[in-house]
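1. Model the structure of this input:
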Amino acid sequence: MLDARSIFLKIAAICAIIAPVLMLGIDSFVLFTNERFAWTIGMYLAFVLFVPAVIGFTYMLVNEGSGLAIFGGLLAFWGAMAGASMQAMFRTHAVLEEQGMHAAVEQLRGTLKLVLSTQSIGLGWPLGLILLAVAYYTVRRTIVLPILLAAAAVLFPIGRIAGSEVAVIASGALFVPAFWMIGKQLYSLANNLE
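-> Numbering: from 1, shown residues only. Here you go, the predicted structure:
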């Protein structure tokens with residue numbers, strides 16, 4: 001008989017492996033091509049794939065007794081959903097820039113209620129991941145995954161908000177092994193449930 005938890009955890013594991021690779025790839029792509037429209041599609045897909053990965057990771061940590069993981073998982077989920085949804089706004093910016101409407105883009109970027117209702121809520125992503133890193137350490141007492149995940153989470157807003165291309169790529173490069181480790185553990189947990 002199929003176990004729904006096992007199936008979901010395998011899906012979460014696969015998403016944990018694909019999402020950060022896609023994010024790093026699309027961020028590298030935009031740095032070399034400046035194709036912002038295509039970038040927004042890749043970022044949307046990456047954040048959508050991060051959602052099951054975060055839910056699976058949260059489930060694993062809560063199952064091991066971490067109450068903190070519930071808050072971290074909720075924040076990271078909220079931030080990932082915000083990250084996916086704000087790509088529509090960035091896609092609009094890209095189209096307007098292609099049309100030469102740079103003043104309109106700057107006006108949108110400077111609209112406080114738009115920034116507060118889209119971009120600022122995305123901070124749940126790095127904050128939630130930091131809490132998940134702490135939760136992981138408290139239940140597993142190992143430091144490699146928490147350090148990779150927390151460092152990537154800290155670099156994420158530095159790259160995106162402060163505009164540091166080095167931090168964007170470094171964050172993505174750290175997400176890849178961190179989420180690979182998460183994916184491997186989720187897959188192992190899924191196999192144990194069968």
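2. what element comes up after the worst-scoring helix or strand of the chain on mean pLDDT heading to the C-terminus?
-> Least confident helix or strand, the chain: helix 112-117 with a mean of 76, by mean pLDDT, DSSP states H and E. Downstream of helix 112-117, the first helix or strand assigned by DSSP states H and E is helix 124-140.
3. The closest residue to Leu129 other than its chain neighbours: how many residues sit nearby?
-> For Leu129, ignoring the flanking residues on the chain, the nearest one in space by Cβ to Cβ, 6 or more residues apart in numbering is Ala153 at 3.9 Å. Quick note: C-beta positions are derived from backbone N, CA and C, even for glycine. Applying other Cβ atoms under 10 Å, we find 24 residues neighbouring Ala153.
4. For Ala153, list the residues it contacts.
-> By Cβ atoms under 8 Å, 6 or more residues apart in numbering, the contact set of Ala153 is Trp125, Pro126, Leu127, Leu129, Ile130, Ala133, Ser171.
5. what about it, distance to Ile147?
-> Counting by Cβ to Cβ, to the nearest Å, the separation of Ala153 from Ile147 is 11 Å.
6. what touches both of those two?
-> When Cβ under 8 Å, 6+ apart defines a contact, the residues bordering Ala153 and Ile147 alike are Ala133.
7. returning to that earlier point: tell me which of the contacts of Ala153 is nearest to Ser28?
-> Distances from those to Ser28 were compared by Cβ to Cβ; the smallest belongs to Ser171, at 12.0 Å.
8. Check what pLDDT the closest one gets.
-> Per-residue confidence at Ser171 stands at 97 (pLDDT).
9. can you check Met1 too?
-> Value listed for Met1 in the pLDDT field: 52.
10. Kindly report the same for Thr111.
-> pLDDT for Thr111: 76.
11. and it, how far is that from Met89?
-> With distances taken as Cβ to Cβ, Thr111 is found 10 Å from Met89.
12. and which of the contacts of Ala153 is nearest to Phe179?
-> Taking Cβ to Cβ as the measure, Phe179 sits nearest to Leu129 out of the contacts of Ala153, at 10.0 Å.
13. That closest one and Ala76 touch, don't they?
-> Yes: taking Cβ atoms under 8 Å as the contact criterion, Leu129 and Ala76 are neighbours in contact, 5.3 Å apart.
14. Could you check what's spatially nearest to Leu131, not counting adjacent residues?
-> Here the nearest residue to Leu131 in space, its sequence neighbours aside, is Gly72; by Cβ to Cβ, 6+ apart that works out to 3.0 Å.
15. what does Ile147 give?
-> Nearest residue to Ile147 in three dimensions, chain neighbours excluded: Ala133, at 7.7 Å (Cβ to Cβ, 6+ apart).
16. what about that neighbour, how many neighbours?
-> Ala133, neighbours per other Cβ under 10 Å, totals 23.
17. Let me see the contact set for it.
-> Ala133 makes contact with Gly72, Leu145, Pro146, Ile147, Leu149, Ala150, Ala153, according to Cβ under 8 Å, 6+ apart.
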